[in-house]
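Engineer: need a 3D model of the following:
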Amino acid sequence: MIALTEEMKAMLATSLADGNPVMVATALANGVPDVVFKGSVMVWDSEHLAFWERSHGQTELALKENPKICLLYRNPAARKTWKFVGVAELHPSGELRDAVMARTVQAELDRDPERKGTAVIIRVDKVIETRKVIMQREA
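Structural biologist: Residues are numbered from 1 along each chain as shown. Next up is the predicted model:
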């Protein structure tokens with residue numbers, strides 16, 4: 001069962017301001033990997049994460065070809081590390097896109113002044129905390 005916690009919600013909400021942006025790993029259909037930092041990752045609801053994809057680069061291309069995704073949050077001061085594994089959906093328009101944009105941290109929106117970003121919603125299938133699976137979606 002996946003039930004993202006209030007602690008996760010709070011820590012992800014301030015990850016950019018705290019100097020701990022989330023690492024996002026994707027791979028193209030041919031397996032070529034990519035890792036980037038995202039400052040807009042948020043807990044969307046108890047089973048989903050979301051972020052604002054403003055660069056329209058490798059991450060978006062990879063997710064169009066292969067929706068599997070892994071996000072790594074690490075806060076050394078708080079001694080917290082979470083790995084979120086799941087499947088992403090892109091939302092380039094519509095109400096869901098607008099709702100994600102409305103909850104995106106201002107610093108990320110400032111880097112997208114024309115608001116051309118795409119919302120990414122991730123169905124979380126597994127959460128690992130320091131090498132231990134703490135949540136997993138039922139098969």
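Engineer: N66 and I121, how far apart?
Structural biologist: Separation of N66 from I121 (Cβ to Cβ, to the nearest Å): 16 Å. Placement of C-beta: from N, CA and C, glycine included.
Engineer: ok, those two, which is more surrounded?
Structural biologist: Counting neighbours by other Cβ atoms under 10 Å for N66 and for I121 shows that I121 has the greater number, 20 against 17.
Engineer: give me the element that one is part of.
Structural biologist: Per DSSP states H and E: I121 is located in strand 118-129.
Engineer: what ranges do the strands span in the chain?
Structural biologist: Per DSSP state E, the chain carries strands over the ranges 22-27, 33-38, 42-45, 48-53, 68-75, 80-91, 118-129, 132-136.
Engineer: pLDDT value on the spatially most central residue of the chain, please?
Structural biologist: Centroid-nearest residue in the chain, with Cα atoms, centre = their mean: V41, separated by 4.3 Å. pLDDT for V41: 99.
Engineer: neighbours of R123, how many?
Structural biologist: For R123, the neighbour count with other Cβ under 10 Å is 16.
Engineer: correction: M1
Structural biologist: Number of residues near M1 (other Cβ under 10 Å) recorded here: 8.
Engineer: that one against E138, yeah?
Structural biologist: Yes - shown here, M1 and E138 form a contact pair, counting by Cβ atoms under 8 Å, at 6.5 Å.
Engineer: having no further points to raise, I will conclude here.
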